[in-house]
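Peer 1: Mind looking at a prediction? Sequence and model below.
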Amino acid sequence: MFREELVQYSHSEAERLQKRMARLKSLALKYKRAEVIQNLLLEISNLAAHVNSSEAFFSEVHRSLNLLLPADNFFVALLDPSSNKLSIPFFLDEKDPHPNKIYSQDEISEFLFSGLTGYVLKSGETLLCDQACFEQLIATKKIASRGAPCHLWLGVPINVNNQVSGVLVVQSYSADIKFSEMEVELLHFVSYQISGVIERLEHREQLEKAIEQRTKELSIAYDKLKTEVFERRRAERLQKSLFEIADLATSNIDSDSFYFELHRVISHLLPASNCYIALLDDRRTHISFPFYVTQNDSKAPQPRAICDGLTEYVIKHRRPLLLQRTDLDALIDAGIVHSKTPELNYTQDVYQWIGIPLFIHGQVRGALTIYSLCMSQSYQDKDLELLTFVSQHIATAIEKKLSAESLKSSYEQLEEKVVVRTRALAMLNQDLEKEVTQRRKVEEQLVHDANHDSLTGLPNRAMFMERLTQAVKHIRRHGLDRFGLLFIDLDRFKLINDTLGHQQGDRFLVETSRRLRLCIRDNDTLGRIGGDEFVILLDSINSTSDAKEVAERILTELSRPYELANQSFTSSASIGVAFSCNHKSDTAESLLRDADAAMYQAKSKGKGCYVIFDEKSHQQLVKNVELEIELRQAISNQELHLSYLPIQNLKKLSTVALEPRLYWNHPQLGKVKQAQLNNIAEHCNLTTDLDIYLLDKLNTDHQLLREQSLDHLPLHLNISAMHLKHKHAVRQLKNKLKKSMFPPEQLWLFFDEKGFILDTDNHINAFELLQKLKVKLGLTGYGSAHSALSSLTFLPLQGLKLDPTYTSHLNSEQHLKLLKAHYLTAQALELVVFVDGISAMQQKETLLQIGFDLGQGQALGKVINLTSITKDLVCA
């Protein structure tokens with residue numbers, strides 16, 4: 001019996017030990033997980049303290065979160081306090097694409113505000129939302145359904161400066177994935193780190209602005225100093241006064257006599273019957289008046305605490321002030337001065353008031369003030385400048401006087417005297433070293449400014465040409481060496497200046513110079529010689545392939561998007577390359593000219609490429625210039641003619657409109673068509689002249705069109721967007737349309753969609769002006785620039801002409817879907833759609849099946865040449 005009880009006891013003890021071991025294993029796993037969480041949280045904290053960009057930070061945060069919780073569906077939304085718009089710096093989702101690919105910035109913000117993200121942003125509370133919670137929020141109309149439905153949605157607010165500035169979101173599409181309190185706490189910690197990054201980036205921006213402001217102030221002070229030194233040399237009386245002030249600074253007289261003598265010196269320079277000097281104490285909390293004299297027999301003010309008086313106003317603003325009676329009244333009425341202490345206001349009888357801050361020990365420690373009580377004693381700006389200059393020496397004298405008094409009082413205690421004197425000498429030596437260092441820096445800066453571009457800091461034309469000249473001389477002495485020269489012209493700089501402003505244009509140039517530096521070696525020279533023109537001297541190259549490699553690297557680097565005015569902007573460059581040839585006739589100017597000529601060839605090839613200079617290419621460039629000259633002469637001599645492309649009804653094959661096109665019978669090149677004419681005109685700024693010529697030529701052909709019974713057909717005129725960039729260009733187009741022999745209702749003006757995308761505001765304004773003429777307006781090449789469909793709703797358009805590429809890709813299902821979408825959009829907006837580029841009857845049938853009924857192209861009638869028709873009739 002006892003044995004059975006012993007066995008039973010052993011079994012129960014074993015079961016108890018097994019349960020205890022299982023519990024210990026569970027605790028060990030929890031501690032292990034806690035340790036992993038702690039390490040990852042420390043990693044995120046360290047990352048938040050050192051990261052320089054929000055994109056890199058969010059990417060690393062997501063990587064760390066994925067180790068702790070399922071974060072395959074994770075995004076961050078941030079609120080811009082200035083625009084009150086939401087942006088998404090990081091987005092990762094299994095089902096939904098990034099909103100930036102679907103919506104504009106304004107649409108993204110509206111999209112997020114109306115959903116769960118906006119709900120967390122407005123409430124400022126964490127939200128863990130399942131399907132039931134989601135349906136309840138929808139039912140109470142607190143949110144709208146956005147994105148693909150999910151199983152769980154967790155959003156945590158991001159607080160910056162006690163305000164909700166964003167939302168951190170993790171969501172799950174699987175019922176197997178759940179979020180507990182641990183995940184919520186983890187996201188709260190990440191949210192706190194994100195707010196720290198945002199605060200640090202804002203602080204850095206404010207610091208940069210403060211540095212820029214201080215730099216401007218130092219520059220202004222430097223200019224004033226030069227003017228004052230010049231005036232000192234010419235003014236003998238001023239020089240004498242300065243010597244007297246200097247003697248006072250070292251004289252052994254008491255304080256009353258010292259300030260009395262200072263007033264006497266000032267009185268020799270300008271009227272100072274009413275004058276006082278105010279000084280701040282060491283703590284800058286109280287102000288005293290060691291000297292005070294006035295004509296109205298008022299008592300000297302007693303020392304007092306800092307308040308809102310005129311003296312404090314000058315000290316606060318750290319600059320000299322000349323205030324008229326009206327200025328004083330305005331400051332008092334606005335409550336800027338004497339609003340809290342009206343009993344200190346002594347300005348009732350003051351006519352003019354001058355206040356000069358006194359810089360002692362490098363800080364504003366007081367003010368020198370003079371004022372007049374009548375109109376007969378009037379001060380001018382030159383008096384303000386004179387007193388400002390003298391005040392610097394007075395401040396120095398006061399500084400020395402105060403130092404001497406301090407030194408004298410320190411004689412009572414020998415040990416303190418030694419310490420104070422040592423510190424005083426150290427400060428004086430430090431000031432002297434600073435002055436010498438600053439003078440050297442100014443001299444170095446002057447030399448640097450004379451040889452460098454002020455915006456980018458790169459060598460300017462003079463310095464670059466000097467180095468290029470030295471390189472040419474080196475090649476003549478060392479015939480086996482070789483160098484390359486790259487001439488770089490930015491293709492879209494003028495567009496950036498016109499659309500985004502000159503400030504963004506300067507930012508674009510600075511960023512471009514930074515990228516160009518990345519593409520060359522330390523021994524190469526990068527310079528800026530014009531507005532958007534850069535040059536590179538490639539020193540000691542082995543072959544032409546070295547220069548080609550640098551040119552390709554530059555094109556790649558400059559093609560990356562630029563962030564300007566809170567939007568992405570792409571650019572390109574045209575590069576001309578020339579090489580040293582060891583010819584005795586080679587000079588720095590000739591090599592730069594060759595590289596420049598090659599650059600213009602690159603532009604003529606379509607921009608965004610590089611061309612190596614050779615004689616054949618140079619001759620071609622000369623021919624292009626001759627062609628431009630000939631085109632100007634052809635326009636002047638009325639040598640361009642019109643042909644008319646029929647626009648037909650696709651069902652009836654009847655002509656419903658005509659598109660006039662210019663052509664030029666060149667004696668050597670033969671027939672130059674409209675497209676080539678536009679290309680030549682664009683390079684020599686003749687696009688608007690071609691349009692005006694076309695309108696004049698239409699009036700000339702009016703009688704011929706009437707004879708052929710074609711004068712009743714609508715005319716489709718392709719007009720350059722250059723007419724819309726300036727008011728005078730729009731006015732010129734309006735005046736020419738008013739003189740047209742065709743009724744305005746018969747004229748269609750088509751503008752290229754790409755021009756509209758690049759200059760939307762000018763298009764909208766010009767369209768509103770042109771609509772008043774009752775002409776019809778449309779966009780040609782529609783679909784090539786992929787403008788937003790919403791832009792069609794606020795334009796006064798009557799028609800669209802689709803880009804010809806659509807008809808050449810009718811075998812593509814995606815293009816067919818896009819064509820159907822364009823058709824349905826045009827129907828909804830009641831726009832007339834014309835299909836361009838129909839070259840085969842099979843294309844016409846396909847377009848008819850979609851629903852299009854108007855088009856043009858090679859398969860729809862021959863081009864009408866009125867000149868040929870007239871000759872045939874005469875011969876008959």
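Peer 2: Now that the structure is in, tell me what you want to look at. Residues are numbered from 1 along each chain as shown.
Peer 1: going forward, measure contacts and count neighbours with C-alpha atoms only.
Peer 2: Noted.
Peer 1: what's the longest strand along the chain packed up against?
Peer 2: Counting by DSSP state E, the longest strand found in the chain is strand 655-666. When contacts are defined as 3 or more C-alpha pairs under 8 Å, 6 or more residues apart in numbering; DSSP states H and E, strand 655-666 packs onto strand 640-649, strand 670-672, helix 674-683, strand 715-719.
Peer 1: averaging pLDDT over each of the ones you listed, which comes out lowest?
Peer 2: Note on the helices and strands packed on strand 655-666: helix 674-683 shows the lowest mean pLDDT, a mean of 83.
Peer 1: now the next helix or strand after that one against strand 715-719, angle please.
Peer 2: Using DSSP states H and E, the helix or strand that follows helix 674-683 in sequence is helix 687-707. Orientation check (axes from the mean of the first three to the mean of the last three C-alpha atoms, to 10 degrees): helix 687-707 against strand 715-719 gives 170 degrees.
Peer 1: which outside residues touch helix 687-707?
Peer 2: With C-alpha atoms under 8 Å, 6 or more residues apart in numbering as the contact definition, helix 687-707 has outside contacts at 635, 641-642, 662, 678, 681, 711-712, 719-720, 722-723, 733, 736-737, 740-742, 866, 870.
Peer 1: Out of the residues you listed, which end up buried?
Peer 2: Neighbour counting by 16 or more other C-alpha atoms under 10 Å classes 641-642, 662, 678, 681, 711, 719-720, 722-723, 733, 737, 742, 866 among these as buried.
Peer 1: Make JSON lines from those residues and add distance to I245 to it.
Peer 2: Listed next are the buried ones among the contacts of helix 687-707 as JSON lines, based on distance: C-alpha to C-alpha, whole Å:
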{"residue": "H641", "distance to I245": "86"}
{"residue": "L642", "distance to I245": "87"}
{"residue": "L662", "distance to I245": "83"}
{"residue": "N678", "distance to I245": "75"}
{"residue": "A681", "distance to I245": "72"}
{"residue": "D711", "distance to I245": "93"}
{"residue": "I719", "distance to I245": "75"}
{"residue": "S720", "distance to I245": "72"}
{"residue": "M722", "distance to I245": "67"}
{"residue": "H723", "distance to I245": "68"}
{"residue": "L733", "distance to I245": "72"}
{"residue": "L737", "distance to I245": "77"}
{"residue": "F742", "distance to I245": "86"}
{"residue": "L866", "distance to I245": "94"}
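Peer 1: and of those residues, the nearest to L800?
Peer 2: Comparing those against L800 with C-alpha to C-alpha picks out I719 as the nearest, at 14.0 Å.
Peer 1: For the closest one, give me its contacts.
Peer 2: By C-alpha under 8 Å, 6+ apart, the neighbours of I719 are D691, L749, F750, F751, D752.
Peer 1: mind redoing it with 7 Å?
Peer 2: Counting by C-alpha atoms under 7 Å, 6 or more residues apart in numbering, I719 touches D691, L749, F750, F751.
Peer 1: Pull out the buried residues from whatever helix or strand A551 lives in.
Peer 2: Secondary-structure element containing A551, defined by DSSP H and E: helix 544-559. Buried residues in helix 544-559, counted by 16+ other C-alpha under 10 Å: A547, K548, V550, A551, R553, I554, L555, E557, L558.
Peer 1: Switch the residues you listed over to TSV; also include distance to L69.
Peer 2: Below are the buried residues of helix 544-559 laid out as TSV (distance: C-alpha to C-alpha, whole Å):
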residue	distance to L69
A547	51
K548	50
V550	46
A551	47
R553	42
I554	43
L555	43
E557	38
L558	40
